[in-house]
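Peer 1: Sharing a model prediction with you, sequence too.
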Amino acid sequence: MTIQLAQAPVVGSPGLNSAVFGMFALVALVVVYRSGRANRTASDYYTGGSTFTAAQNGVALAGDYLSAAAFLGIAGAIAVYGYDGLLYAIGAFVGWLVALLLIAERLRNTGRYTMGDVLSYRLSQRPVRSAAATSTLLISVIYLVAQISGAGGLIALLLGIPNSNRLGQAAVIAVVGVLMMVYVLVGGMKGTTWVQILKANLLILVGLVLAAWVTGRFGYNISALLGKAVANDPKAGDGLLAPGLLYGRTQLSKIDFFSLSLAAVLGPASLPHVLMRFYTVPDAVQARRSVAWAIWLIGGFFLMVLVIGYGATALVGPQAILAAPGASNSAALLLAFHLGGELLLGLVAAVAFATILAVVSGLTIVASASVAHDLYANVVKRGNAEPAQEIRVARRTALAVGLLATAGGIVANGQNVAVLVTLAFAVAASTNMAPLIFTLFWRRFNTTGALFSMYGGMTVATLLVVFSPAVSGTSTAMLPDVDFAWFPLSNPGIVSIPLSFLLGVLGTFLGRPDQDAERRFAEMEVRSLTGAGPLDVTDRRRRGSGSPARSTSVAFTPVGGRHLRRPGPVVRSVDETGGDEAVARTPR
């Protein structure tokens, strides 16, 4: 079987490809509709009512992360750049250990729907919620652009739309955006989670089939597979198996790689849609177990992607891959066509498309939740918004975010989605990681430090991305025909992430301590570690932006610098993390 992409961009039968894709899209829509019918409250819409088990949420977390970048982007990067392409996967996989050890349990114990809940627990509510909503919107849109761009290249390959037909590919991306918005508006978090679980299982199954089929072609001999890959790429040769094709040739590229690695390690635990998924389980123990499930599933899948990437080099060839619609993002699809013809191509493409739809739906939900819950309900309405109105605002925001991301996806069409995602990682780590760590662990941290860290890190990271070679000045940039790049690195993480931490420290020492800061930190420290105290409790008498979120909790008392839980069978607590007054039992 031969693939002649340079002469004819059509791969397989567009009719069969479209039929398989349509079937999967319809099944996913049915799942979303049936799950979404039970949405009655804001909790149902935002977090699925926190009813998912650790295993279910772990699979969904893996589904959230195993996006177009993990499947299409990293497989393509390995196929074209070999060892250097694999580094995308390694850095991102290590990042989950940060989420497991530092973030997951504490975040679930302290918040309710969004990252803004955690920050506002001990800091001034309105300023930090506004900053959290702004950062969530920016990061979600960047990540959405990457996913929708990948979807456009995928469907262009399915339908045989060549790279030269930019208008046709733009129309395809617009259709993807419309489907995404339908999924979010109909299903909410519960429907999106079940689609994530379905597509994660399908994606892992497809990865296993492709990896087994490829190795079977070489007698299950990995050395033979790698040897064939080297032989089929005479330009790179043995360089496919060693560092240097993409990074390491110059001192600048080495620094760029370090910057990429820093963003990849700290990025996953800073992504808003990953953080929000910790609230879909009943408690912190389930959140921690969810991350453990996700680590095993993601690690296993990346081993399959390694085989798929080198298999695409060996059986398809990098020249054919780069000439196809979607360029390097098409490597896994072309390999499927080479192995199993039109039917396997259609199945793999449909699963890849379901992957993209599920991820973008989750991203859209977290962006809309942050605007509706943080900005509208807690900043504009000062905690007095009706749940039904809050959900309406969330749905309108989902439409606006979907339109903006679709426009960005059209501009970014043709970029390697793994590169775009690492840029999102850099912005997320530069904006969210420092305030989260400081809020959870540093007693002296205050509102001024949080605002310095978030707005400063966000601004610097965004500016450096805009004026980097990833956007202009190179043949692989988003805007290759113009050149306004002055920052030499493609990824700004090495500058913007440390600067975010530094600004947080600087702002803390320059700003005034928050009101009742010592007691608030004592309560938060014990609650973040033990989960003691109610999660869904609200003081309806909210105060203005200049004062911290108030709590009348009597569960925790600082004594001599140590934080002890006062014994008692029942503690009634009121705070501003959201929800109605609740009763929490604490053991003696």
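Peer 2: Received it, and whenever you're ready, just let me know what you need.
Peer 1: quick one, strands of the stretch 251-400 of the chain?
Peer 2: Secondary structure of the stretch 251-400 of the chain by DSSP state E, counting those that start in this stretch: no strands are present.
Peer 1: just the helices in it please.
Peer 2: Counting by DSSP state H, counting those that start in this stretch, the segments of the stretch 251-400 of the chain that form helices are 251-266, 272-277, 284-315, 318-323, 331-369, 387-411.
Peer 1: Of all the ones you listed, which one comes closest to residue 18?
Peer 2: helix 331-369 (8.5 Å; C-beta to C-beta). In short, each C-beta sits where N, CA and C put it, glycine included.
Peer 1: what's the average pLDDT for the closest one?
Peer 2: If you average the pLDDT over helix 331-369, you get 81.
Peer 1: What are the buried residues along it?
Peer 2: Of the residues in helix 331-369, those buried by neighbour count under the rule 16 or more other C-beta atoms under 10 Å are 331-340, 342, 344-369.
Peer 1: Next, the angle helix 284-315 makes with that helix.
Peer 2: If you take axes from the mean of the first three to the mean of the last three C-alpha atoms, to 10 degrees, helix 331-369 sits at 150 degrees to helix 284-315.
Peer 1: orientation of helix 331-369 relative to helix 387-411 in degrees?
Peer 2: Using the same axes, to 10 degrees, helix 331-369 lies at 140 degrees relative to helix 387-411.
Peer 1: For helix 331-369, what is the distance to the chain centroid?
Peer 2: Centre-to-centre, helix 331-369 and its host chain are 16 Å apart (C-alpha atoms, centre = their mean, to the nearest Å).
Peer 1: To residue 181, which of the helices of the stretch 251-400 of the chain lies closest?
Peer 2: helix 387-411 (4.1 Å).
Peer 1: could you give me the average pLDDT of that closest one?
Peer 2: The average pLDDT within helix 387-411 is 82.
Peer 1: Now do the helices in the stretch 51-200 of the chain.
Peer 2: 54-65, 68, 74-81, 83-98, 104-110, 115-122, 125-159, 166-217.
Peer 1: Likewise for the stretch 451-588 of the chain?
Peer 2: Along the stretch 451-588 of the chain, counting by DSSP H, counting those that start in this stretch, helices occupy 493-510, 517-530.
Peer 1: Now those helices in TSV, please, with extra columns for mean pLDDT and mean neighbour count.
Peer 2: Formatted as TSV, the helices of the stretch 451-588 of the chain follow (pLDDT from 0 to 100; neighbours: other C-beta atoms under 10 Å):
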stretch	mean pLDDT	mean neighbour count
helix 493-510	94	20
helix 517-530	83	20
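Peer 1: and the ones you listed as CSV, adding distance to residue 393?
Peer 2: As requested, the helices of the stretch 451-588 of the chain are exported to CSV (distance: least, C-beta to C-beta, whole Å):
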stretch, distance to residue 393
helix 493-510, 29
helix 517-530, 28
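Peer 1: For residue 443, find the nearest of those.
Peer 2: Nearest of the helices of the stretch 451-588 of the chain (C-beta to C-beta): helix 517-530, 5.0 Å.
Peer 1: Please point out which parts of stretch 371-384 sit buried.
Peer 2: 371-379, 382-383.
Peer 1: would you turn the residues you listed into a markdown table with distance to residue 57?
Peer 2: Output for the buried residues of stretch 371-384, formatted as a markdown table (distance: C-beta to C-beta, whole Å):
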| residue | distance to residue 57 |
| --- | --- |
| 371 | 24 |
| 372 | 22 |
| 373 | 20 |
| 374 | 22 |
| 375 | 26 |
| 376 | 27 |
| 377 | 25 |
| 378 | 25 |
| 379 | 29 |
| 382 | 32 |
| 383 | 28 |
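Peer 1: Tell me the one of the residues you listed nearest residue 279?
Peer 2: The shortest gap between residue 279 and any of those belongs to residue 373, at 11.2 Å (C-beta to C-beta).
Peer 1: Run a quick neighbour tally on the closest residue to that closest one other than its chain neighbours.
Peer 2: Once flanking residues are discounted, residue 373 sits nearest to residue 113: 5.1 Å by C-beta to C-beta, 6 or more residues apart in numbering. Residue 113 sits with 24 neighbouring residues when counted by other C-beta atoms under 10 Å.
Peer 1: The closest residue to residue 185 other than its chain neighbours: how many residues sit nearby?
Peer 2: In space, and not counting its chain neighbours, residue 185 is closest to residue 395: 5.5 Å by C-beta to C-beta, 6+ apart. Neighbour count for residue 395, taken as other C-beta under 10 Å: 16.
Peer 1: re earlier: pipe the helices of the stretch 251-400 of the chain into JSON lines and attach distance to residue 175 per row.
Peer 2: Compiled in JSON lines, those are given as follows (distance: least, C-beta to C-beta, whole Å):
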{"stretch": "helix 251-266", "distance to residue 175": "31"}
{"stretch": "helix 272-277", "distance to residue 175": "22"}
{"stretch": "helix 284-315", "distance to residue 175": "27"}
{"stretch": "helix 318-323", "distance to residue 175": "24"}
{"stretch": "helix 331-369", "distance to residue 175": "11"}
{"stretch": "helix 387-411", "distance to residue 175": "9"}
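Peer 1: Which one of those lies nearest to residue 460?
Peer 2: helix 251-266 (13.0 Å).
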